[in-house]
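1. Predicted model and sequence below, questions to follow.
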Amino acid sequence: MEKPQYTAAHLKGMNRHVVYDFIRERGATSKAQIVKETGISPPTVIKIVSYLVERGLVVEAGEGAAGVGRRPQLLAINGPGRFSAVFALEGSFLSMGLVDISGRVLHRQKTRTAQDFGAFLAEVRDGLVSSLLHAAGADPARLIGVGVTLPGTYDPARRVLDYAPAIGVFGPVEIGPWMDGMTQKFGVPVYVENDTNAQCMGEHELCRARDLVYVSAGTGVGAGVMLDGRLRRGETNKCGEIGYNVFFEDYKRTARAAGCLEQRIGYHVLEQQFALDRFSRRSQIPPALLAQMAAQVTKPLALCIANLTHVLDCSTVVLGGEVAELLGDALLDALNARLEELCLSPVRVRRPASADDGLIGMAAHITRMEVDALLEEE
């Protein structure tokens with residue numbers, strides 16, 4: 001096989017990536033440590049660090065412990081210097097926040113929202129971005145990008161939301177013009193992603209599992225799949241659409257109906273079936289009722305998770321979403337007990353590492369795209 005030919009520009013970009021990633025993963029480190037552990041020459045490390053500081057990606061972070069001689073000057077990612085604004089739509093619920101380039105959530109809000117997709121896009125463009133920046137007291141000049149996560153099938157190449165029944169989208173909707181308008185208004189790129197994919201990316205950022213299944217049970221039901229450290233989208237961007245998993249031989253999908261699994265365990269199904277609107281807080285729901293709901297959700301969801309883990313050979317499963325938050329340990333305990341009976345290899349479902357995993361994952365994607373562009377500059 002012919003060896004790849006790398007130009008000086010390629011090597012420069014690769015070395016910048018190595019140094020930036022090393023500083024990011026270490027939290028705080030010195031030039032000497034970078035040289036020692038990466039094998040990059042001292043003059044090259046000095047040039048790269050100067051470049052990263054000039055671009056506002058890295059800052060000096062005080063002095064380290066001295067061995068012999070002078071104390072080393074530590075370097076760290078300039079987290080507060082740049083941030084993304086992220087809007088995570090999950091059917092009836094909207095989470096939004098500012099996340100800096102180190103992955104720290106600077107400000108967050110959560111609210112219920114109307115399920116009209118067009119109205120949501122207009123609201124983000126005309127008010128939500130500005131109001132979020134104002135509420136956080138953030139400098140708009142430090143914004144590097146806007147991210148939106150949606151509960152549906154999104155094609156990033158075509159910039160088309162193909163199907164998202166949870167927000168009333170039953171056919172392809174081109175959102176490229178809206179994204180271009182947002183960029184023109186705010187002066188930063190706009191990124192769109194499936195909501196559960198973003199949550200999966202956030203969990204990967206926080207726990208670094210190379211193989212990971214993130215299951216979200218909320219208004220809709222879906223999964224994000226990470227294999228060998230890479231998000232799996234699938235041929236038509238439908239990887240993880242487990243809401244359409246089928247459990248009955250005579251089941252037939254209809255265009256405007258929720259999927260087979262969603263029809264049994266979606267948040268609105270439980271809300272209506274168990275009259276949850278009579279409780280203003282989760283703490284008011286009787287334990288017996290929580291156990292009853294958990295049992296109903298566990299039966300089909302455990303089958304779905306068991307089948308997923310057998311196909312993917314993945315034992316790291318995370319469960320998030322409004323249904324998981326509602327049922328808490330009652331659902332986790334019931335699921336794990338049932339999975340012990342179903343799975344060939346040990347599988348244990350756990351809570352997300354952060355309640356903000358969707359915000360963190362989308363922001364990490366924006367940061368990667370924008371930082372990559374800076375690191376590859378001539």
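-> That came in fine, so what should we check first?
2. And the helices in the stretch 101-250 of the chain?
-> For the stretch 101-250 of the chain, applying DSSP state H, counting those that start in this stretch gives helices covering 117-123, 129-136, 176-186, 195-207.
3. now the second one, how far from the chain's geometric center?
-> Computed by CA atoms, centre = their mean, to the nearest Å, the chain-centroid distance of helix 129-136 equals 21 Å.
4. Using CSV, list the CA coordinates for that helix.
-> What follows is helix 129-136, C-alpha atoms only, in CSV (Å, rounded to 0.1, in the frame of the first residue of the first chain):
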residue,chain,number,x,y,z
VAL,A,129,-30.3,33.8,21.3
SER,A,130,-30.3,37.5,22.4
SER,A,131,-32.3,36.8,25.6
LEU,A,132,-30.0,33.9,26.5
LEU,A,133,-26.9,36.1,26.1
HIS,A,134,-28.5,38.9,28.1
ALA,A,135,-29.7,36.6,30.9
ALA,A,136,-26.1,35.2,31.2
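5. which stretch in the helices of the stretch 101-250 of the chain has the least confidence?
-> Note on the helices of the stretch 101-250 of the chain: lowest mean pLDDT is at helix 117-123, with a mean of 91.
6. Does that helix pack against any helices or strands, and if so which?
-> Using 3 or more CB pairs under 8 Å, 6 or more residues apart in numbering; DSSP states H and E, no helix or strand is in contact with helix 117-123. C-beta here means a position set from N, CA and C on the backbone, and glycine is covered the same way.
7. for it, which positions count as buried?
-> Residues of helix 117-123 classed as buried by neighbour count (16 or more other CB atoms under 10 Å): 117, 120, 121, 123.
8. Please name the residues that touch residue 353.
-> 203, 206, 207, 318 (CB atoms under 8 Å, 6 or more residues apart in numbering).
9. Just give me the closest of these to residue 21.
-> Nearest to residue 21 among the contacts of residue 353: residue 206, at 16.3 Å, using CB to CB.
10. For the closest residue in space to the closest one that isn't next to it in sequence, give me phi and psi.
-> Closest residue in space to residue 206, ignoring its immediate chain neighbours: residue 353 at 4.0 Å, by CB to CB, 6 or more residues apart in numbering. The phi and psi values for residue 353, taken as degrees, to the nearest 10, are phi -70, psi -20.
11. distance of residue 267 from residue 222?
-> Separation of residue 267 from residue 222 (CB to CB, to the nearest Å): 13 Å.
12. Looking at those two, which has the bigger crowd around it?
-> residue 222 (31 against 25; other CB atoms under 10 Å).
13. quick one: contacts for the more buried one?
-> Residue 222 makes contact with 151, 194, 195, 196, 215, 216, 240, 241, 242, 243, according to CB under 8 Å, 6+ apart.
14. List the buried residues in stretch 153-167.
-> 153, 154, 159, 160, 161, 162, 163, 164, 165, 166, 167.
15. Restricted to strands, list those.
-> 153, 154, 160, 161, 162, 163 (DSSP state E).
16. Format the buried residues of stretch 153-167 as a markdown table; extra columns: pLDDT and distance to residue 283.
-> Output for these, formatted as a markdown table (pLDDT from 0 to 100; distance: CB to CB, whole Å):
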| residue | pLDDT | distance to residue 283 |
| --- | --- | --- |
| 153 | 94 | 36 |
| 154 | 96 | 36 |
| 159 | 97 | 43 |
| 160 | 97 | 42 |
| 161 | 97 | 37 |
| 162 | 94 | 40 |
| 163 | 90 | 37 |
| 164 | 88 | 32 |
| 165 | 84 | 32 |
| 166 | 81 | 27 |
| 167 | 86 | 29 |
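17. Between those, which sits nearest residue 56?
-> When those are ranked by distance to residue 56 (CB to CB), residue 159 comes first, at 28.8 Å.
18. Leaving out the residues flanking it, which one is nearest to residue 42?
-> Nearest non-adjacent residue to residue 42 (CB to CB, 6+ apart): residue 35, at 5.2 Å.
19. From residue 74, how far off is the one you found?
-> 14 Å.
20. repeat for residue 362
-> From residue 362 across to residue 74, the span is 29 Å (CB to CB).
21. So which of those two has more stuff around it?
-> A direct count of neighbours by other CB under 10 Å for residue 362 and residue 74 places residue 362 higher, at 31 against 20.
22. Now do the helices for the stretch 251-378 of the chain: every range, in order, please.
-> For the stretch 251-378 of the chain, the helices defined by DSSP H, counting those that start in this stretch cover 262-265, 267-273, 287-312, 322-342, 357-375.
23. who wins for proximity to residue 63 among the ones you listed?
-> Taking CB to CB, helix 357-375 is the member of the helices of the stretch 251-378 of the chain nearest to residue 63, at 26.1 Å.
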